[in-house]
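>>> Sharing a model that was predicted from the sequence below.
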2 protein chains.
Amino acid sequence: MDASPAAPFHFELHSTDAAPGSAAPGSAARRATFHTPHGPIAMPAFAPVGTQANVKTLEPRDLHEAGCELILSNTYHLYLRPGHELVQKLGGLHAFMRWDGPILTDSGGYQVFSLAHQRKLADEGVTFRSHHDGSLHFFTPEKVMEVEQALGADIAMVLDECPTPTDRAETETAVARTQRWAERCRAAHTRTDQALFGIVQGGIFPELRAQSATGLIPLDFPGYAVGGLAVGETKEQMYATLDATCPLLPTDRPRYLMGVGAPEDIVEAVWRGIDMFDCVLPTRIARNGALFTPEGRLNMRNARFADDSAPVQEDCGCYTCRTVSRAYLRHLYKAGEISALRLGTIHNVHFMMQLMREIRAALEGGRYAAYRDAFLARYRIADQATRHEQHGRRRAARAEQQQQHLTQGR
Amino acid sequence: MDASPAAPFHFELHSTDAAPGSAAPGSAARRATFHTPHGPIAMPAFAPVGTQANVKTLEPRDLHEAGCELILSNTYHLYLRPGHELVQKLGGLHAFMRWDGPILTDSGGYQVFSLAHQRKLADEGVTFRSHHDGSLHFFTPEKVMEVEQALGADIAMVLDECPTPTDRAETETAVARTQRWAERCRAAHTRTDQALFGIVQGGIFPELRAQSATGLIPLDFPGYAVGGLAVGETKEQMYATLDATCPLLPTDRPRYLMGVGAPEDIVEAVWRGIDMFDCVLPTRIARNGALFTPEGRLNMRNARFADDSAPVQEDCGCYTCRTVSRAYLRHLYKAGEISALRLGTIHNVHFMMQLMREIRAALEGGRYAAYRDAFLARYRIADQATRHEQHGRRRAARAEQQQQHLTQGR
């Protein structure tokens, strides 16, 4: 891609651990900057998710205060409500949500598969019913490009098919269809102030990842995502897939690991050469009372915090930690106060941004291997039980919502 | 009371419309300042309500930004959860909720009558069951003083009995009991850094109001509330009761109209000589989507705002109006985003504080009669239907909560 600073998009690679003479053998970590029409994104970067054109409980000023540069918003949700045409009429997503920094929109494909009803997949596209009102819709690569261009994010994603990552037959079909859809998206996308990224599929199968990457690279996307991960495979399978996939991707384009947001996964994925991430995890678990610290998650509903006058995290600079105690925060969570959800979200988003700042500083200082070791030694990974509990709660909520929808009739 | 600025409390009366030669004949409006250990309160003042040690959806910085000087917190709620002893252990209410300005706590009496279960009233005190878990509790004047002194607000209220304002027999009993309880509260209250206010009862009956005021004034409270209003009587009955009651109160003490917060009622009550107000109205209706403007309330869920790029209120300086459009705010309300509740609350609290600033400026300029006329001519009062709908929604929510509680068993 055009490397001139005058181009609307420009990927600037500052350093690579994999370079000859690197102080971190085995690492493929990169320190980079991706320049967009709404400003630069220092990489590795994490994007909080603002599903419905709002990072839940936060305002633009909170995101700026935390040091966010990129946020993600969901095409599926905005297409259904308030509608991409309305957003366009109101000046596009930046003007609508009053976020003046870079925005990325996904393609909506993942939500069609995880949220919508009665979806039917064909080569032409996917039909589905809205999870709000049961209305019938049809997403094709061309339609999704129309929607994403109307929304007007800085980065748009191609429509892809995200299979069960361990199902070989399903994944083969998905890789082939993702390739055809990527070609159609590329052809339909015309906005020069929006970068369209390709998505590599292939589940946990290295040869399918290679097939997908090989097919997409000639389409010359200005960035490449590794899709279809963090959807049920083990951490080991995810890391191995990154080991196999990252080396296949162009070194002069950003690499985006979609849907990943656990701190330990980010540290590991950066090591393997990933530049950008998005995930609902920090904001979602904050609303459940789980707050990040360098030692791992704390559940603020725990009785042991009832009279704890310390902040959530001693050395944290976020508003929540500068202002209130664990005891007060626990009281707000127990009392069902909305402010608890917000104060928790402020902290978790700040924690993630601080993590990315530390990662970038370690890369700049040529000490990422040591940083990774120290982080993983200190950070207690949420056990499978906790992760399943969070996941189960989410599934239950979704099932309830679907049930409600069915009861209301269409 | 001691008028020296060195005293912890000091009521400074700047001007009274009722003074000889006043430019506003018929007005008893006052411009004053009440000095407290946590700073001065410019009066007339409005206090947003932070029931559970938090003004719902807001942080201390938001309250400061809006210009709030006084907030109210509810003794009944804090006594039950997290408990007044815990709050005291954590440094008192100011330290607990990190609000460094003046705080007022009510006595909890009103909530015992409106929220608690199986209450039994006797001269000694009132027994009730918690609306959380059905546990049994006993509030006496002495107990309430213990709780309020542990919470440590700048202003505490005596335990009173709030009758149906139009029921003469019930009100007679309540006036007598309120008098005896006020005497016991006065005797039990010892904190010199906390001002204990008396509460005049008497429903809509001028002679009972006179009896109550006459009984309380010898107790020499540093402030007097007019209680038992805004609980079902008509606006005309409320205004007439203020006409009859305010002249009975000492001119050198603040006068507090409890539970009143509709802008038109504040304008009318200030005219009649009230200095301070509290109400959940601005924050509660904001969460329902009703936002104040100088022309009256707007319901942000209304379809006519779907593509309205104007702010909620054109000339408003609040963060919400400076930042987002009606269209975006409507989207957030319709999409069920928590941010809608918060952005709406920020606006409504700002509106109330701006109203109080305008009232004080009009008083200072000797033009309150004109201000009142202009305000009431411009402001469309929410019709009875809307008020009943809000009230009905509240009652329904409470009934549901009580039902839930009963189903869960005790």
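Yep, it's here. Residues are numbered from 1 along each chain as shown, chains lettered A, B, ... in the order given.
>>> So which residues on the stretch 301-410 of chain A come close to chain B?
Those residues of the stretch 301-410 of chain A that sit near chain B, judged by Cβ under 8 Å from any Cβ of the partner chain, are A:306-307, A:309, A:319, A:323-325, A:327-328, A:331-332, A:334-335, A:337-339, A:341-343. C-beta: built from backbone N, CA, C; applies to glycine.
>>> of those, buried ones?
Among those, those classed as buried by 16 or more other Cβ atoms under 10 Å in any protein chain shown are A:306, A:319, A:323-325, A:327-328, A:331-332, A:334-335, A:337-339, A:341-343.
>>> Restricted to helices, list the residues you listed.
When those are checked against helices (DSSP state H), the matches are A:319, A:323, A:327-328, A:331-332, A:334, A:338-339, A:341-343.
>>> Which of those lies at the shortest distance from residue B:177?
Checking these against residue B:177 with Cβ to Cβ, the nearest one is residue A:331 at 32.8 Å.
>>> What sits closest to the closest one if chain neighbours are left out?
By the measure of Cβ to Cβ, 6 or more residues apart in numbering or on different chains, the closest residue to residue A:331 outside its immediate chain neighbours is residue B:82, 4.6 Å from it.
>>> do residue A:84 as well
residue A:150 (4.1 Å).
>>> so how far is residue B:272 from the residue sitting furthest away from the middle of chain A?
Here chain A reaches farthest from its C-alpha mean at residue A:307, the gap being 35.7 Å by Cα atoms, centre = their mean. Distance, residue A:307 to residue B:272, by Cβ to Cβ, to the nearest Å: 45 Å.
>>> Likewise for residue A:338?
Distance from residue A:338 to residue B:272, by Cβ to Cβ: 35 Å.
>>> any idea of the mean pLDDT for stretch A:265-282?
For stretch A:265-282, mean pLDDT rounds to 98.
>>> That stretch and chain B, any residue contact?
No. Stretch A:265-282 stays clear of chain B (Cβ under 8 Å from any Cβ), getting no nearer than 13.9 Å.
>>> measure that stretch end to end?
Start-to-end span of stretch A:265-282 (Cα to Cα, to the nearest Å) is 13 Å.
>>> Stretch A:320-340 now?
Counting by Cα to Cα, you get 10 Å between the two ends of stretch A:320-340.
>>> Okay, now the unreliable bits of the stretch 251-400 of chain A?
A:384-400 (pLDDT under 70).
>>> Please enumerate the helices of it.
Here the stretch 251-400 of chain A has its helices, by DSSP state H, counting those that start in this stretch, at A:263-271, A:281-287, A:319-323, A:326-334, A:338-364, A:368-378, A:384-408.
>>> who does the shortest one touch, helix- and strand-wise?
Using 3 or more Cβ pairs under 8 Å, 6 or more residues apart in numbering or on different chains; DSSP states H and E as the contact criterion, the neighbours of helix A:319-323 among helices and strands are helix A:338-364, helix B:60-66.
>>> and among these, the most buried is which?
Sort these by mean neighbour count, taking mean count of other Cβ atoms under 10 Å in any protein chain shown, and helix A:338-364 sits at the top with a mean of 22.
>>> if I look at residue A:71, how far off is residue B:55?
28 Å.
>>> and the two? which has more neighbours close in?
More neighbours surround residue B:55 than the other of residue A:71 and residue B:55, with 29 against 24 (other Cβ atoms under 10 Å in any protein chain shown).
>>> Tell me the secondary structure of the more buried one, please.
Secondary structure assignment for residue B:55 (DSSP: H, G, I helix; E, B strand; the rest coil): coil.
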